[in-house]
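# Predicted model and sequence follow; I will ask about them next.
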Amino acid sequence: MLNQHLSRANIVSIKGALFALAAAALNATIGIFSVLLMNTGLKSNDVAFLKTLAAFVLLSLMLSKTPRHVQYQQLIMPARVTLNHHASHKRIMAAIAVCAFFGIFTLFVFETQAYQYGNPANVVVILMAAATISATLFGALLLKEKLLLNTILGVLLAITGIFVISWTSSVDLTLVFFAALAGIGYGLFSVLMQRFGLQGGIYLTKYLLLFGSLLLFIPFIITFDPVHIGYQSILGLLGLAIFPTILGFYCTTSALTYLPASKVQVIELSEPLFAMFFVWLILHESATIRFWLGAGLVILGILTITNTFKKTPH
C-alpha cells in the first residue's frame, strides 16, 4: 500500500516536472521569434499586447464549441467550488484577473522596461532568479510550505548556474529594479494560482490571456503609434502567440497542478539550456565551457529540489 502511494506520488512529480520542462523549452523560443520582430517598427508594448490578444483570439476560436459552463467547471479544483455557482463564478474570475495581473501584465511590462537599460541576458538572469526566490518565499508565507534544506540548496544551485551561463558585467541598477519586479510578479503568480485553487490547463490559459489582454491594452494605447504590420510581423506575432504564450502558459499552469510553485520555477530555470540547444540546432553555434558548468549546476539544482537523490523506502 505504501509502495503504491509512493509510486502515485512519483508519477505526479514526474508529470509536473515534464510540464515545467516543456514550458521552459517553449519559453526559450521567445528569442527566435523576437528576431523576426526586431526591425518591423513594433514597440515592446505593441508586441506584448498584440501577441497576448492574438493568443486569446486563437484559443477562443479553438474552444468556441465548448459550452461556457463546461469551461467554468475546468477552471478550479473541485474541492474549491461552492454551492452558490453565480458567486463562485465571480470569485473565480476575480482570482484569474489577479493572477493575470502578476503573471502577464507585471511580467511583460516590467520585463519590457528592463530591456531598455542593458543586456537582455542580464534581464533574463535577474528575472528568473527573482521569480524562483519569490515563488519559494511566497509559497512559505501563503501556502505554508516548509523551507526544506533540499529546497533552499536546489534554488541556490540553479540560480548560481543561471548566473554562470548568462551574466555579463556593467549592469545598470534600473535594469536590476525592473527585472526583479517582473520576476517577483511571475513568482507570485505561480503561488497565487495554487492559493486560489485554480486548475491549470487550456481553459485557464484562455481566461488568463483574456484578462492579460485587457490589462496590456492600457500601456499599448498610451504609447500607440500607427505602424505598418507586414507578413514578417504577423509570423513573429503568431509564433509568440502560439508557442511561448498559449503553449507556454498551458504547460506552466499544468505543472502547478502537480508541483509546488517553488519547484516549478526552479525547473523552468532550465530555459537557457533549451535556448542554447536551439541556437546550436539553428545557428550551429557551439556551447562554451562556462555554459556547460552553469548547465551542470542548473541540472543539479533541479535534481536536488525534486528529491531525485532521496532514497525511496522499500
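Cool, the structure landed.
# ranges for the helices of the stretch 101-250 of the chain?
Assignment of helices within the stretch 101-250 of the chain using DSSP state H, counting those that start in this stretch yields the ranges 107-115, 120-142, 149-166, 173-195, 202-222, 231-240, 248-258.
# Pipe these into TSV and attach distance to Asn45 and mean pLDDT per row.
(Each C-beta comes from the backbone N, C-alpha and C, glycine too.) As requested, these are arranged in TSV below (distance: least, C-beta to C-beta, whole Å; pLDDT from 0 to 100):
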stretch	distance to Asn45	mean pLDDT
helix 107-115	7	84
helix 120-142	16	87
helix 149-166	25	86
helix 173-195	14	92
helix 202-222	5	95
helix 231-240	13	89
helix 248-258	19	94
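# pLDDT below threshold where in the stretch 1-150 of the chain?
Low-confidence regions of the stretch 1-150 of the chain, defined here as pLDDT under 70, cover residues 1-9, 31, 35, 38, 77-87, 120-121.
# about what we covered before: need the winner for burial among the helices of the stretch 101-250 of the chain.
Between those, the one whose residues have the most neighbours on average, counting mean count of other C-beta atoms under 10 Å, is helix 248-258 (a mean of 24).
# So what touches that one?
If you take C-beta atoms under 8 Å, 6 or more residues apart in numbering as the criterion, helix 248-258 is touched by 12-13, 15-17, 19-20, 22-23, 26-27, 103, 190, 193-194, 198-202, 204-205, 208-209, 264, 267-268.
# Now a ChimeraX select for only the buried ones of the residues you listed.
For anyone working in ChimeraX, the buried entries among the contacts of helix 248-258, judged by 16 or more other C-beta atoms under 10 Å, can be selected with:
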select :13,16,17,19,20,22,23,26,27,103,190,193,194,198,199,200,202,204,205,208,209,264,267,268
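# Just give the number of residues close to Pro272.
If you count neighbours by other C-beta atoms under 10 Å, Pro272 ends up with 22.
# List the contacts of it.
28, 124, 162, 165-166, 294-295, 298.
# Including distance to Ser88, could those go into TSV?
Listed next are those as TSV, based on distance: C-beta to C-beta, whole Å:
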residue	distance to Ser88
Ala28	37
Val124	38
Ile162	40
Ile165	44
Ser166	43
Gly294	46
Ala295	45
Val298	40
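# from those, which is closest to Gly230?
Proximity of those to Gly230 was ranked by C-beta to C-beta; the top entry is Ala28 with 25.7 Å.
# dump the residue contacts of that closest one.
Contacts for Ala28 (C-beta under 8 Å, 6+ apart) come out as 271-272, 274-275, 277-278.
# out of the helices of the stretch 101-250 of the chain, nearest to His284?
Between those, helix 149-166 lies closest to His284; by C-beta to C-beta that is 19.1 Å.
# My guess is Phe101 contacts Leu215. True?
Yes. Distance between Phe101 and Leu215: 6.1 Å, which falls inside the contact criterion (C-beta atoms under 8 Å).
# How many residues are close by Phe224?
13.
# who's in contact with it?
For Phe224, the set of contacting residues under the criterion of C-beta under 8 Å, 6+ apart consists of Asp46.
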